[in-house]
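S.K.: just the structure for this:
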Amino acid sequence: MLRVLMILVPLALSIYAFIDCITTDEKDVRHIPKPVWAILVLLFPLVGSIAWLIVGRKPTAGIGSAGGRRGGWVAPDDNPDFLKSLEKDGKKDGSADGSADDAKKAEPPAADTGKGAGTDALAELERREAELRRREAEIERREKGGSADDAPPAV
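M.R.: Purely as a prediction, here's the structure:
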């Protein structure tokens, strides 16, 4: 087990350091150009990785903090620009709080006028439900000891 750890820990450290090196902005790299750091991490995995993490990059604001490194990807619910765009879209639809969207979601699809594609979709749904009921009945008959041949023909 110790032999495996002696291989996996430096490998994981090297992979982390290399990915961190190539994703770090040029302005956050210290002392040596970024491509040279990447080559050092690849050629000297353990020493290069540790050197990159300690010397090669500027210190961060803290691990996992919101003010951390690189502006990177931000979740939509934390992105103020995205939230503002949602507010603008809501105002265009005539409701700033999204109540019109909620009303659309609350209306069931079966409450269509019964014309066109809604009728086709409803017929398809009913056909699938009948097929499901038929299959469930067939499974119950099999479990009770009857065979599938005893089942009445499907409609």
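S.K.: where exactly do the helices run in the chain?
M.R.: Secondary structure of the chain (DSSP state H): helices located at 2-23, 34-43, 45-51, 80-92, 99-106, 117-143.
S.K.: what average pLDDT does the fifth one get?
M.R.: What helix 99-106 shows for mean pLDDT is 49.
S.K.: repeat that for the third one.
M.R.: With pLDDT averaged residue by residue, helix 45-51 scores 89.
S.K.: what are the buried residues along that helix?
M.R.: Residues Pro45, Gly48, Ser49, Ile50, Ala51 are the ones in helix 45-51 that count as buried (16 or more other CB atoms under 10 Å). In this view, the C-beta of every residue, glycine as well, is placed from N, C-alpha and C.
S.K.: how close does Ser85 get to Ala75?
M.R.: With distances taken as CB to CB, to the nearest Å, Ser85 is found 15 Å from Ala75.
S.K.: of those two, which one has the most company?
M.R.: A count of neighbours by other CB atoms under 10 Å puts Ser85 above the other of Ser85 and Ala75, at 12 against 7.
S.K.: was I right to think Arg30 contacts Val55?
M.R.: Yes: in this structure, Arg30 is within contact of Val55 by CB atoms under 8 Å, at 6.7 Å.
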